[in-house]
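K.L.:
Quick check, what structure comes out for this input:
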Amino acid sequence: MAKKCLFLLPLLCLCALSGFSLSSSGTKQNTLMPDFSISGGGRIFYNGMFDIWKYSNNYNNVGSTLEYRLYSNHGFGIGVFFDATYVEVGLDFIFGSFKPNARGYTGDFELASTQFGFSILGKLPLMAGPAVFFPLAGIDYQIFLSGEAKGLPINIKNRDDVKEYMGYEDIFDAFSLVLGIGLDFNLTSKLYLRGEALCNFKMESDSDKALKKLAKNNNVSFSLFTFGPRISIGVGYKFWGK
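P.N.:
Take a look at the predicted model:
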């Protein structure tokens, strides 16, 4: 996971530097590009993440079954963001719950969780009057901090408990590639509203790989696709620039 971050960060920085160069040397030629500025602010958001499992069981090569299972993690969050026109960095706390919604599942398991999130996104801002529209792309990492399990005979309160009961401490973490759009609406020359609509596509974790290996050893194969929306609204203030 760390190697993936190190691979993507230089690419984002290169995009940011290229954008800054264009902004500083060619603002007269391209009036759609806003002036370079540095700002920061706070936001609230809805965060969702859905695991779709598709698996087949061919135990002893007798019979075959195919099912879909859906696990959801959804909740709300608060955070801060720092913006340098072509790059946005976010720090967030997410208060959500993990809950299975599977065919044939009759249990009432739920894990109320608190997660810490870090994101770095590249932006391409385009002006339209008092508003600035921008597509976004980058990475997001959500790490499980603490939780409260309901409907289980075990107690999951922290990462040590996750590792003890489930074998891997990263089961409730999510490292994702992010795509989306955003819009800034200028209230004054310094103050603005920011709205974003993003979609996270989770990368395979160590626990996912281990689960696939265990399933393969038991003649079970499955595919796992995890994605989720994030919709946020916030207020930002420009500390430097126009």
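K.L.:
quick one: low-confidence parts of this structure?
P.N.:
Confidence mapping of the chain against pLDDT under 70 gives the ranges 1-31, 55, 57-71, 101-108.
K.L.:
quick one: the strands in it?
P.N.:
Listed in chain order, the strands of the chain (DSSP state E) span 37-57, 65-83, 87-102, 110-123, 126-128, 131-150, 174-186, 191-202, 220-241.
K.L.:
and the third one, which residues are buried?
P.N.:
It refers to strand 87-102. 87, 88, 90, 92, 94, 96, 98, 99 (16 or more other C-beta atoms under 10 Å). (Each C-beta comes from the backbone N, C-alpha and C, glycine too.)
K.L.:
From residue 100, how far out is the nearest residue to residue 161 once chain neighbours are set aside?
P.N.:
If the residues on either side of it in the chain are set aside, residue 161 comes closest to residue 155, at 6.5 Å by C-beta to C-beta, 6 or more residues apart in numbering. Distance, residue 155 to residue 100, using C-beta to C-beta, to the nearest Å: 18 Å.
K.L.:
Please apply the same query to residue 33.
P.N.:
Summarising the geometry, the distance separating residue 33 from residue 100, computed by C-beta to C-beta, is 47 Å.
K.L.:
I figured the residue nearest to residue 161 was touching residue 149, is that so?
P.N.:
Yes: taking contact to mean C-beta atoms under 8 Å, the distance of 6.3 Å between residue 155 and residue 149 places them in contact.
K.L.:
Between these two, which is the more surrounded one?
P.N.:
The neighbour comparison of residue 155 against residue 149 (other C-beta atoms under 10 Å) goes to residue 149, with 18 against 12.
K.L.:
show me what contacts the spatially closest residue to residue 207 that is not a sequence neighbour?
P.N.:
For residue 207, the nearest residue in space outside its immediate sequence neighbours is residue 168; the separation is 3.7 Å by C-beta to C-beta, 6+ apart. Applying C-beta atoms under 8 Å, 6 or more residues apart in numbering, we find residue 168 in contact with 162, 205, 206, 207, 210.
K.L.:
got it, and residue 169?
P.N.:
144, 159, 160, 162, 163.
K.L.:
make it 10 Å
P.N.:
Contacts were defined as C-beta atoms under 10 Å, 6 or more residues apart in numbering; by that measure residue 169 touches 143, 144, 158, 159, 160, 161, 162, 163, 206, 207.
K.L.:
Could you tell me how far it is located from residue 195?
P.N.:
34 Å.
K.L.:
picking up where we left off before, for the buried residues of strand 87-102, which one is nearest residue 39?
P.N.:
The shortest distance between residue 39 and any of the buried residues of strand 87-102, using C-beta to C-beta, involves residue 88 and amounts to 9.7 Å.
K.L.:
beta partners for the closest one?
P.N.:
Going by DSSP bridges, residue 88 is paired in beta bridges with residue 83, residue 121.
K.L.:
so how far is residue 202 from it?
P.N.:
The span separating residue 88 from residue 202 equals 20 Å under the rule C-beta to C-beta.
K.L.:
Pretty sure residue 99 sits against residue 72.
P.N.:
Yes: applying C-beta atoms under 10 Å as the test, residue 99 and residue 72 come out as touching, 5.7 Å apart.
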